[in-house]
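[1] Show me the folded form of this:
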Amino acid sequence: MIFRPVRERPVDEVLAAVDAMIEQCGFEEVSFLSLSSSDYSHVEELVRRTMERHGAKKLSIGLPSLRIESFSVDLMDLLEKGRRRSGFTFAPEAATDRLRDVINKPIASSELLQTAEAVYQRGWTTVKMYFMIGHPTQTLEDVQAIADLSKAVLAVGRRVLGRKANVRIGVSTLVPKPHTPFQWVQMESEAVILEQIARLQRELRGPGIHFSWNDPKETLVEAFLTRGDRRMSNVIQRAWELGAKLEGWSEYFNFPAWEQAFQECGLEMDWYARRERPLEEILPWEHLSAGLKKEFLAEEYRHTLQGGVVDDCREHCFSCGILGYFKEQRRAAPDEAWGCPSLGKNKERQPVDIVPIPLYFNDDMSPDLHGQFTERVPQRRFGTVSKRIETSVEPLAAEQGGD
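    Next up, the predicted model:
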């Protein structure tokens, strides 16, 4: 949320950086970093032109953060032309349709398996997948589904490549962040997290499967630092005085120093990290603005608990607040430079509504609620929302007419 508005670097600008890097440093690998590399509108052009310039040098191109729903076979074929890399990395985050609807990443497991098969068929031996535990409404069944889906991906790889196929699974715990719809959510208890990790440890073992996870205590430190108020400054200073310094390195992680610092300051870790906050509570970070309206985040939070899936804002603007907050900057920017709607008359822009309207609601969670569509539809998969509505308006109207 805090990275809005969507802005993309021009392809020529990225290529210039790649050229300079190779000329001055001689690297054999370049990674294109983004929250989701394959969501970059010109990613195929970027990879193709990079290979045209540097393919003879067997340059390896990395796209370390890929969304299955925006990943294409064409892009895979382009990447195949570079120096062979051992693995492809995807971040499904959840392993059941219901939970993926909760976190607004509505991809089907069948899509993931099809993509994994295409990856293995092109000679990559490892598929890496990242999941999260501790999501709101997550159950042990959702955790078990992580193991089941991982084994299904390995089975696909073994069918294609035999024993050369591998699956690497990374699991981290959700830390609800400020300025997101989850800012009111409590972080899951340590007992539940340990139970979920233990389930995955039992399930994700054997040849071809590698499982890694985060230390729950390291996650707790991240959570109270992320969600803390100004009193946390005293805790941080005291923890430093007690020897907490290189906390990002596991070998130097000093949790006892944090425990003592909290005790001396008269504060509780769980009050910051594991307390559900009511919507009306004034949050410690509200005096800082990322341009997003609190009402917008609250509506997104309600949709999360209802299983309501909202489309990508580049396809349908729901007035999050960014455009009003940065109006002058938007007017000064080229129309195509931002994902937000263009300002001014006679401009081509995506549909705009004043509140989020879900594409659909998960049937198991909210069977009586209805979104724009009566069936599950993907985000940004088959063109704009307007085009989807054109193709589905007649059956939808017929159903409404029947009511």
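
[2] start to end distance for stretch 302-320?
    15 Å (C-alpha to C-alpha, to the nearest Å).

[3] Check stretch 30-44 too.
    15 Å.

[4] now stretch 37-46
    Its first and final residues considered, stretch 37-46 spans 11 Å by C-alpha to C-alpha.

[5] In the stretch 101-250 of the chain, where is pLDDT below threshold?
    Along the stretch 101-250 of the chain, no part satisfies pLDDT under 70.

[6] which residues of it fall in helices?
    109-121, 140-161, 190-203, 216-226, 232-241 (DSSP state H, counting those that start in this stretch).

[7] can you put these in CSV and add distance to Gly55 and mean neighbour count?
    Yep, even glycine has a C-beta here, placed from its N, CA and C like the rest. Below are these laid out as CSV (distance: least, C-beta to C-beta, whole Å; neighbours: other C-beta atoms under 10 Å):
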stretch, distance to Gly55, mean neighbour count
helix 109-121, 20, 19
helix 140-161, 25, 19
helix 190-203, 40, 15
helix 216-226, 40, 19
helix 232-241, 48, 16
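
[8] could those helices go into a markdown table alongside distance to Asp19?
    Putting the helices of the stretch 101-250 of the chain into a markdown table (distance: least, C-beta to C-beta, whole Å) gives the following:
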| stretch | distance to Asp19 |
| --- | --- |
| helix 109-121 | 29 |
| helix 140-161 | 35 |
| helix 190-203 | 43 |
| helix 216-226 | 37 |
| helix 232-241 | 42 |
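
[9] among those helices, which is nearest Gln372?
    Counting by C-beta to C-beta, Gln372 lies closest to helix 109-121 out of these; the figure is 20.9 Å.

[10] what's the angle from the closest one to helix 140-161?
    Angle between the axes of helix 109-121 and helix 140-161 is 30 degrees (criterion: axes from the mean of the first three to the mean of the last three C-alpha atoms, to 10 degrees).

[11] roughly how far out does helix 109-121 sit from the chain middle?
    Remark: helix 109-121 is offset 19 Å from the chain centroid, using C-alpha atoms, centre = their mean, to the nearest Å.

[12] which strands and helices sit next to it?
    On a contact count with 3 or more C-beta pairs under 8 Å, 6 or more residues apart in numbering; DSSP states H and E, helix 109-121 meets helix 73-80, strand 87-93, strand 126-133, helix 140-161.

[13] Now do the last one: distance to the chain's middle.
    Helix 140-161 has its average C-alpha position 20 Å from the chain's average C-alpha position, going by C-alpha atoms, centre = their mean.

[14] one step back: okay if I get the helices and strands packed on helix 109-121 as JSON lines plus distance to Leu59?
    Below are the helices and strands packed on helix 109-121 laid out as JSON lines (distance: least, C-beta to C-beta, whole Å):
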{"stretch": "helix 73-80", "distance to Leu59": "11"}
{"stretch": "strand 87-93", "distance to Leu59": "17"}
{"stretch": "strand 126-133", "distance to Leu59": "20"}
{"stretch": "helix 140-161", "distance to Leu59": "24"}
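
[15] wait, which of the ones you listed is closest to Phe3?
    Closest approach to Phe3 among these (C-beta to C-beta): strand 87-93, 15.7 Å.

[16] Can you give me the buried ones in that closest one?
    Phe88, Thr89, Phe90, Ala91, Pro92, Glu93 (16 or more other C-beta atoms under 10 Å).

[17] ok, now stretch 320-332?
    Across stretch 320-332, burial judged by 16+ other C-beta under 10 Å covers Cys320, Gly321, Ile322, Leu323, Tyr325, Phe326, Arg330.

[18] and if you look at stretch 119-139?
    Within stretch 119-139, the residues scored as buried using 16+ other C-beta under 10 Å are 119-120, 124-136, 138.

[19] cool, and stretch 332-342?
    Buried residues in stretch 332-342, counted by 16+ other C-beta under 10 Å: Ala333, Ala337, Trp338, Gly339, Cys340, Pro341, Ser342.

[20] Make sure the fifth one is actually in contact with Pro5.
    Meaning Cys340. Yes: the pair Cys340 / Pro5 is scored as a contact, 4.6 Å apart, by C-beta atoms under 8 Å.

[21] Are there residues contacting both of the two? Which ones?
    Both Cys340 and Pro5 are in contact with Ile322, Leu323, Arg330, where contact means C-beta atoms under 8 Å, 6 or more residues apart in numbering.
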